[in-house]
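Visitor: Mind looking at a prediction? Sequence and model below.
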Amino acid sequence: MRCALPRLLFSDPHGKMNSIYQNISDTSSGFQFRLLCLAPAALHDAPIAYSLSTHVLSRTIAYEALSYCWGNAASQKPTICNGVAFMVGNNLEAALRRLRLVDRPRTLWIDAVCINQSNDDERAQQVGHMRDIYSYAKRVLIWLGPKYESSELVFPLCERIARAILNRPEDLDGVKEEWARMSMAESRMRMNENAGQPREEAEDDADLLKLPDSEKPTGITITSHAGIPLAFAHAGEFQALLRLLLRPWWTRSWTIQEICLATEATLFCGDTSIGWHVFAVVILLLFLDPADSQNLPVEIRSQAMSMIRTRSRSQQPQLHGEALGLVGLLQEFRSQDATDKRDKIYAFLGLVPSASPVHALVSADYKIRVEQCYTKAARALLSLSQNLDLLAIDRYPSSGLSSSLPSWVPDWSFPVPRTVALPLHAQDPSLGRHPFSASGRCTAYTPPQTDDPVDPAHLLLSGFVFDGFTSLTAALPPLFEATLDGFLMDERSLPTWRTSTKPFFASVGAYYDVLLEWESFTQSACSIPGSPYGHGPEDFTRVLTALLCAGNLPDGLDAAHEAFMLRRTELKWRGACQSWRSRC
């Protein structure tokens, strides 16, 4: 395939914009899509020029696919497409400038340019083939953004850590999860294959690791899962790594599919780059063990690890058993964001196995409203799942769509739960276990349901009246989650740090206030004459134990009750929590 380079014009001499997009569609020969041919330039500041051409998608076409964040739509810069001025977002312009080669054109697929974003039919058609577009690409280029906040320190640090574990296969013995062991082994194999290729020189930490802790500079020692020291990360390097993991790319819905489907991927940040297989093994080394990463910002632990785990699930399904379904994906990545809220559904369809019947019921459609999209998806998932687990997913009365969505439809546009709910594996058995199962082993149960001919927002079900509610307590809020501002204290003044800790102490106080309310509520319920829960002090605490565990007691109630009694004094911290809140 050859690129046709564009004629460099910034305006249409005839006073009329040249046509950039020609209609494309599925044909008898296959699916049509556009590719971008980026013209080379010797000077960094030279205008960005490229041309678009139409092709039938196949594995024989050599191209790279870009994964990036669109950024603020109102902030744009000019480029030249097919000889005509074409505005793109600032972040995409920076990516094109960074990826442009000096001596030859580069063939890319970029959604914002290769899809006519003003044509809803074309958007839906192209989104339906995103799985093939990214999996057929010879490489996915991940653009994290320009250099800032010492980001240039991150990839050399990762190279040092990866090089240190290159010849330590015994370190995999400390990794309990088989998928993680296989992922790290694959990364080691890839690094060995590339060992003969030129790489940026990086310092050796061997001598530094031999120093006693009192003589080492400020930073942390990176150890393997077997506890062997591998490398030393100076404080600035480790903080730069954390900041890089908080960049917008890790928060977007579409990036999950883009990295999970990639055969090969490379991360770019400013002028530096690194292979995904090297970066991922470092993240697994640092954050796989919850005990080692519990004090890190929750955004880092959840987003980066979920992305790596889902890529492993997508590429090595034999290690995970049943494929992750759409409900599990939507829950797992609920905190991911999307400019178009309908993409909170559509962005994950490409990760659902192609044979899944969900594709016949849910497909990209940008002509329907967000509420219609979520309702259609919910009805399909209820019909296909053969249970009502979808109804157990968190609802948010204060969310923006709450007033226009049916009560049985989750608002996927609302990012994160603000109350403690059942764990994800309680709703999706494909994650390995199903601790809550009111219907026993009856997995083929299909709730009778029909569409309401008058109001399609109604869900008609049949069931049994099991019990009723007589009283209700406050919902248990989540504990304050660490933020980067509170975690990276060496660059913060004490007044700034104290300000950042206020939410922590306030949330701890609110958390224990609700626990104390639950304690009083349980005690009152046990004191009612004829209560089925018993009347003695031990009966009350056993009921409270089961309540706090949501009935999920894999080791039995006795073991859970014993552990609870050892920690029950923590529920008497009302005065201390109020004191902390008043001092901050």
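Guide: Now that the structure is in, tell me what you want to look at.

Visitor: Now do the strands in the stretch 351-500 of the chain.
Guide: 449-451, 459-461 (DSSP state E, counting those that start in this stretch).

Visitor: averaging pLDDT over each of the ones you listed, which comes out lowest?
Guide: Averaged per stretch, pLDDT over these is lowest on strand 449-451, reaching a mean of 53.

Visitor: so where's the stretch 51-200 of the chain shaky on pLDDT?
Guide: 166-200 (pLDDT under 70).

Visitor: switch the cut-off to 80
Guide: 73, 162-200 (pLDDT under 80).

Visitor: Show me the strands in it, by range?
Guide: 64-67, 76-81, 84-89, 106-109, 139-143.

Visitor: want to throw the ones you listed into a markdown table with mean neighbour count?
Guide: (Glycine included, C-beta is placed from N, CA and C.) Shown next, in a markdown table, are the strands of the stretch 51-200 of the chain (neighbours: other CB atoms under 10 Å):
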| stretch | mean neighbour count |
| --- | --- |
| strand 64-67 | 24 |
| strand 76-81 | 18 |
| strand 84-89 | 16 |
| strand 106-109 | 21 |
| strand 139-143 | 22 |
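
Visitor: mind giving me CSV with those strands and columns for distance to residue 514?
Guide: Below are those laid out as CSV (distance: least, CB to CB, whole Å):
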stretch, distance to residue 514
strand 64-67, 41
strand 76-81, 47
strand 84-89, 43
strand 106-109, 50
strand 139-143, 41
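
Visitor: I'd like to know which of those is closest to residue 327.
Guide: Nearest to residue 327 among the strands of the stretch 51-200 of the chain is strand 64-67 (24.6 Å), distances taken as CB to CB.

Visitor: What strands flank the closest one, and is each parallel or antiparallel?
Guide: strand 106-109 (parallel), strand 139-143 (parallel) (DSSP bridges).

Visitor: and of those strands, who's closest to residue 332?
Guide: The nearest among the strands paired with strand 64-67, by CB to CB, is strand 139-143 at 19.8 Å.

Visitor: Run through who's touching that closest one.
Guide: Strand 139-143 is touched from outside by 64-68, 91, 94-95, 98-99, 108, 134, 249, 255, 258-259, 261-268, 276, with contacts defined as CB atoms under 8 Å, 6 or more residues apart in numbering.

Visitor: at 7 Å instead, please
Guide: With contact meaning CB atoms under 7 Å, 6 or more residues apart in numbering, strand 139-143 is reached by 64-68, 95, 99, 134, 249, 258-259, 262, 264-268.

Visitor: Grab the CA positions of that strand and hand them over as CSV.
Guide: Output of strand 139-143 as CSV, limited to C-alpha atoms (Å, rounded to 0.1, in the frame of the first residue of the first chain):
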residue,chain,number,x,y,z
ARG,A,139,0.8,-1.9,16.4
VAL,A,140,-1.3,0.4,18.6
LEU,A,141,0.4,3.7,19.5
ILE,A,142,-0.7,5.0,22.9
TRP,A,143,-0.3,8.7,23.2
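
Visitor: List the buried residues of stretch 516-523.
Guide: 518-519, 521-522 (16 or more other CB atoms under 10 Å).

Visitor: Equivalent analysis for stretch 344-360, please.
Guide: In terms of neighbour count (16+ other CB under 10 Å), stretch 344-360 has its buried residues at 344-352, 358-359.

Visitor: now do stretch 149-165
Guide: Neighbour-count burial for stretch 149-165 [16+ other CB under 10 Å]: 151, 153-165.
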